[in-house]
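Engineer: build the 3D model from these lines:
(chains A and B)
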2 protein chains.
Amino acid sequence: MTNADHSQFKTTLLQLAKIVEESLIAYIDQWQIEDETLREAMKYSIKAGGKRIRPVLMLAVAKMLDKPYSLVLPYACALELIHTFSLIHDDLPCMDDDDLRRGVPTCHKVYGEGMAVLAGDAMLNMAFEIMFQDAQANIGSAKHLNAARIIAKAAGASGMISGQVLDLQAEGKEIAYEELEKIHSLKTGALLSAPLMSAAELCEMDAEEKVHLSIFAKNTGLIFQIVDDILDVVGNEDKLGKKIGSDHANSKNTFVKIMGIEKSNELVKSMTVESLEQLESIGCNTWFLEELTVFLAKREH
Amino acid sequence: MTNADHSQFKTTLLQLAKIVEESLIAYIDQWQIEDETLREAMKYSIKAGGKRIRPVLMLAVAKMLDKPYSLVLPYACALELIHTFSLIHDDLPCMDDDDLRRGVPTCHKVYGEGMAVLAGDAMLNMAFEIMFQDAQANIGSAKHLNAARIIAKAAGASGMISGQVLDLQAEGKEIAYEELEKIHSLKTGALLSAPLMSAAELCEMDAEEKVHLSIFAKNTGLIFQIVDDILDVVGNEDKLGKKIGSDHANSKNTFVKIMGIEKSNELVKSMTVESLEQLESIGCNTWFLEELTVFLAKREH
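Structural biologist: Okay, the predicted model is just below:
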């Protein structure tokens, strides 16, 4: 990767994240919300930022297949709303009890627990409303409904929410690698795979290419989580925007705890290689997803 | 109303509630849920019962317009899931902090707070998945998507969730009648109106009839809430399955507190009369909805 490539990647990443952010803020500003404090709490949590990886993945697939961003943008925003809702609820005292997220106080620290529960609820609901609205605007076309169902399935009891439940139950217990992989494939993986696979539906990707994309998608989720666990041990607190060592303090099961740092690093490397191979098999304009894979594997926050 | 009419009403009410309950349990039993305790917590809350008024209202519209129950049943189940999710979150210590609901311990008392938050989340998500599934099965037909959007809008930040927020914020404050009506038209009214109006969409009700049904729907929500407030003062604890006087103890704003018992009773009576007039204007087979209106106004639990 040349410096020029890398700089083009960074520019594109920021550009895509900005498209998503502007669209999300516009949605919340224009949404019919009967209480302004609720709107504020929702906006606060969305503005608190993050890498916008999930929606960027959707836009990246559209880019790769030369489709307009507008085709996937409502679903990309829905995904980020679902992701943010899950963080708000995950941070609650009865769950992970986190005071800081991305360097700023968590929703319940600013708006109180009751409001944080409801702001999360409202964002999950809004995500579905946006998808229904788009499906309706597209006269219920099959690809739009398929995309919405992929996202809905990834978010619910067959995906992310069960991952949160399993994670909650495993706290303080010794678990095996397979169990940990299951937790994270549900808790983090499902919502990192959904943008890719739902975008593939919307962009009418070829069936054979979808097989490669689905392996790439599964790896992306795992790479993301393993790197998260590694950063909680060796990361830089300023870059992370949160204290390191919190997984250990909370008796969290992590890949590092089960396999050690070295093996965790090796696994990230081998999965990254496999991911890049899958992209090569897809063949078309995959440079941005390639760079993004390397970026996620080497990220420092 | 003759005794024979009343007995036929009771039989039909139980029959419709049973159709909904069996369908709900079948959904939860067959749903892809990755954790069995989560499935249990969801089933526990659904089984804890209640009058199933919202889904029954949907089936009642189908009955009135001579359409099959199967047309509205998935949406009726989605509505009951959304209603149950809202109760689980409303009962949490950071919200109303209730230990009992319908005479049995609330979800968080049995499964813990974290699980109760997630079981609620999973049920909201499942409601939307059911509606997407049905819209897909009906090849995205306009009436199915319209019905789903009516329900989604009623549940979210433009409906129920904002009602919960306003209710939370008004606790312990003196508020005027208009404000209280707004809170309840959102918190309770939206999800009591949605079954009627979404069923009208699915059953392709005539536009003029829909106008009468929408006034009926609005009244139904208010009657329901005012009676709730009255029962919290003069109700029978055994029949209610909860302690009376809890609104007062929690400094809740209620219609009784603002208008007194006598005026509250008068309002229920006059709104019931208006509701029955609206049904008369619809004209077709409305006997069950008429009986249901009287039943809701005179209920003791």
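
Engineer: how close does residue A:228 sit to chain B?
Structural biologist: Per CB to the nearest CB, to the nearest Å, residue A:228 is found 20 Å from chain B. C-beta coordinates here come from the backbone N, C-alpha and C atoms, glycine included.

Engineer: for the closest residue to chain B within the stretch 201-301 of chain A, give me its contacts.
Structural biologist: The minimum distance from the stretch 201-301 of chain A to chain B, using CB to the nearest CB, falls at residue A:201 (11.9 Å). Applying CB atoms under 8 Å, 6 or more residues apart in numbering or on different chains to residue A:201 gives the contacts A:143, A:146, A:147, A:150.

Engineer: low pLDDT regions in chain A?
Structural biologist: A:1-4 (pLDDT under 70).

Engineer: how about a cut-off of 80?
Structural biologist: Across chain A, the ranges flagged by pLDDT under 80 are A:1-5, A:49, A:237-244, A:246-251.

Engineer: could I get the full set of strands for it?
Structural biologist: A:100-101, A:104-105 (DSSP state E).

Engineer: for chain B, what are the nearby residues on the stretch 151-300 of chain A?
Structural biologist: Within the stretch 151-300 of chain A, the positions near chain B by CB under 8 Å from any CB of the partner chain are A:152-153, A:155-159, A:161-166, A:168-169, A:182, A:186.

Engineer: just give the nearest non-adjacent residue to residue A:135, would you?
Structural biologist: residue A:144 (4.6 Å; CB to CB, 6 or more residues apart in numbering or on different chains).

Engineer: so what's the gap between stretch A:121-139 and the chain middle?
Structural biologist: Relative to the centre of its chain, stretch A:121-139 is centred 18 Å away, using CA atoms, centre = their mean, to the nearest Å.

Engineer: ok, back up a step: could you identify the buried members of the residues of the stretch 151-300 of chain A next to chain B?
Structural biologist: Among these, those classed as buried by 16 or more other CB atoms under 10 Å in any protein chain shown are A:152-153, A:155-159, A:161-166, A:168-169, A:182, A:186.

Engineer: for the residue nearest to residue A:135, grab the count of nearby residues.
Structural biologist: Counted with other CB atoms under 10 Å in any protein chain shown, the neighbours of residue A:144 add up to 25.

Engineer: try residue A:136
Structural biologist: The burial count for residue A:136: 18, using other CB under 10 Å.

Engineer: do you know how far it is from residue B:81?
Structural biologist: 21 Å (CB to CB, to the nearest Å).

Engineer: same check, this time on residue A:45
Structural biologist: 25 Å.

Engineer: stretch A:186-194: end-to-end distance?
Structural biologist: The straight-line separation of the ends of stretch A:186-194 (CA to CA, to the nearest Å) is 11 Å.

Engineer: what's in contact with it?
Structural biologist: A:53-54, A:57, A:79, A:82-83, A:86, A:150-151, A:153-155, A:159-160, A:162-164, A:166-167, A:214, A:217-218, A:220-222, A:224-225, A:228, B:34.

Engineer: quick one, which of these are buried?
Structural biologist: The buried subset of the contacts of stretch A:186-194 - by 16+ other CB under 10 Å - is A:53-54, A:57, A:79, A:82-83, A:86, A:150-151, A:153-155, A:159-160, A:162-164, A:166-167, A:217-218, A:220-222, A:224-225, A:228, B:34.

Engineer: the residue in the stretch 101-250 of chain A that chain B sits nearest to: how many residues sit nearby?
Structural biologist: Per CB to the nearest CB, residue A:140 is where the stretch 101-250 of chain A lies closest to chain B, at 1.8 Å. A count of neighbours around residue A:140, defined by other CB under 10 Å, yields 19.

Engineer: leaving out sequence neighbours, find the closest residue to it.
Structural biologist: Closest to residue A:140 by CB to CB, 6+ apart is residue B:140, at 1.8 Å.

Engineer: ditto for residue A:99
Structural biologist: Nearest one to residue A:99, counting by CB to CB, 6+ apart, is residue A:109 at 5.4 Å.

Engineer: residue A:281 contacts residue A:214, doesn't it?
Structural biologist: No - judged on CB atoms under 8 Å, residue A:281 makes no contact with residue A:214 at a distance of 11.8 Å.

Engineer: separation between the residue nearest to the spatial centre of chain A and chain B?
Structural biologist: Nearest to the mean C-alpha position of chain A, by CA atoms, centre = their mean, lies residue A:54 at 4.1 Å. According to CB to the nearest CB, residue A:54 stands 16 Å off from chain B.

Engineer: how about the contacts made by that residue?
Structural biologist: A:76, A:79, A:80, A:83, A:191, A:192, A:194, A:195.

Engineer: one more: residue A:152?
Structural biologist: For residue A:152, counting by CB under 8 Å, 6+ apart, the contacting residues are A:128, A:131, B:125, B:128, B:129, B:132.

Engineer: likewise for residue A:241?
Structural biologist: Contacts of residue A:241 (CB under 8 Å, 6+ apart): A:100, A:101, A:102, A:103, A:104, A:301.

Engineer: give me phi/psi at the third one?
Structural biologist: Dihedral pair for residue A:102: phi 50, psi 40, per degrees, to the nearest 10.

Engineer: same question, the fourth one
Structural biologist: In this entry, residue A:103 is assigned phi and psi values of phi 80, psi 0 (degrees, to the nearest 10).

Engineer: next, count neighbours for it.
Structural biologist: Neighbour tally, residue A:103, other CB under 10 Å: 14.

Engineer: before we move on, the earlier item: using JSON lines, lay out the strands of chain A together with mean neighbour count.
Structural biologist: Below are those laid out as JSON lines (neighbours: other CB atoms under 10 Å in any protein chain shown):
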{"stretch": "strand A:100-101", "mean neighbour count": "18"}
{"stretch": "strand A:104-105", "mean neighbour count": "15"}
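
Engineer: tell me which of those sits nearest to residue A:238.
Structural biologist: Among these, the nearest to residue A:238 by CB to CB is strand A:100-101 (12.6 Å).

Engineer: neighbouring strands for the closest one, and are they parallel or not?
Structural biologist: Strand A:100-101 sits in its sheet next to strand A:104-105 (antiparallel), going by DSSP bridges.

Engineer: for the stretch 201-301 of chain A, what spans make up the helices?
Structural biologist: A:207-234, A:237-240, A:246-249, A:255-282, A:287-298 (DSSP state H, counting those that start in this stretch).

Engineer: residues in contact with the last one?
Structural biologist: Residues external to helix A:287-298 that are found in contact with it (CB under 8 Å, 6+ apart): A:1, A:5-6, A:9, A:12-13, A:53, A:56-57, A:60-61, A:63-64, A:216, A:220, A:223-224, A:227, A:268-269, A:272, A:275-276, A:279.

Engineer: hang on, the earlier thing: ok, and the most crowded of the contacts of residue A:201?
Structural biologist: Result: residue A:147 is most packed of the contacts of residue A:201 (other CB under 10 Å), 29 neighbours.

Engineer: so that one touches residue A:198, yeah?
Structural biologist: Yes - using CB under 8 Å, residue A:147 is in contact with residue A:198, at 4.0 Å.

Engineer: and for those two, which residues touch both?
Structural biologist: With CB under 8 Å, 6+ apart, residue A:147 and residue A:198 have common neighbours residue A:75.

Engineer: now do the helices in the stretch 1-150 of chain A.
Structural biologist: Counting by DSSP H, counting those that start in this stretch, the helices of the stretch 1-150 of chain A are A:3-30, A:36-47, A:53-64, A:69-90, A:107-111, A:113-137, A:142-155.

Engineer: those: which one's closest to residue B:113?
Structural biologist: That would be, of the helices of the stretch 1-150 of chain A and by CB to CB, helix A:113-137, which comes in at 10.0 Å.

Engineer: which secondary structure elements does the closest one contact?
Structural biologist: helix A:36-47, helix A:69-90, helix A:107-111, helix A:142-155, helix B:69-90, helix B:113-137, helix B:142-155, helix B:160-170 (3 or more CB pairs under 8 Å, 6 or more residues apart in numbering or on different chains; DSSP states H and E).

Engineer: perfect, I'm done here.
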